[in-house]
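Colleague: output the structure for:
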Amino acid sequence: MVKVVKRDGREEEFIPEKIVVSVLKTGAPVDIARKICKVIEGRIYEKDLEKIDARELTKWILELLRKYNEEWYRAWIVFDKYIKRRETEKELG
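Modeller: Model (predicted):
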């Protein structure tokens, strides 16, 4: 079982559907959200990770969102900045 290490240090089980739901919130259609999720899952299992940092996971998701559609990428950034009050772009650095 893969664990996600949250920003506050807590660990939780990696649940792929959370990626799909988050990507859907950017305005992306279901098929793209599922594709992005599958790519992320593939990376995790290809690297045989037991744990992944939430920031790294976000970086991967944003990289793929930007590849598909700049507006979806920006929607994620705006949500993080104004709703979650995080500075995602700085972390991508």
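
Colleague: ok, the residue lying closest to Leu65 once chain neighbours are set aside to Ile36 distance?
Modeller: Once flanking residues are discounted, Leu65 sits nearest to Tyr73: 4.4 Å by CB to CB, 6 or more residues apart in numbering. C-beta here means a position set from N, CA and C on the backbone, and glycine is covered the same way. Tyr73 sits 11 Å away from Ile36, going by CB to CB, to the nearest Å.

Colleague: which one's more surrounded, the two?
Modeller: Neighbours per residue (other CB atoms under 10 Å) separate Tyr73 from Ile36, with Ile36 holding more: 24 against 20.

Colleague: nearest residue to that one in space, ignoring adjacent ones along the chain?
Modeller: Nearest residue to Ile36 in three dimensions, chain neighbours excluded: Leu64, at 4.7 Å (CB to CB, 6+ apart).

Colleague: now for the helix or strand harbouring Arg55, which elements pack on it?
Modeller: Per DSSP states H and E: Arg55 is located in helix 54-68. With contacts taken as 3 or more CB pairs under 8 Å, 6 or more residues apart in numbering; DSSP states H and E, helix 54-68 sits against strand 3-5, helix 16-24, helix 30-46, helix 70-78, helix 88-92.
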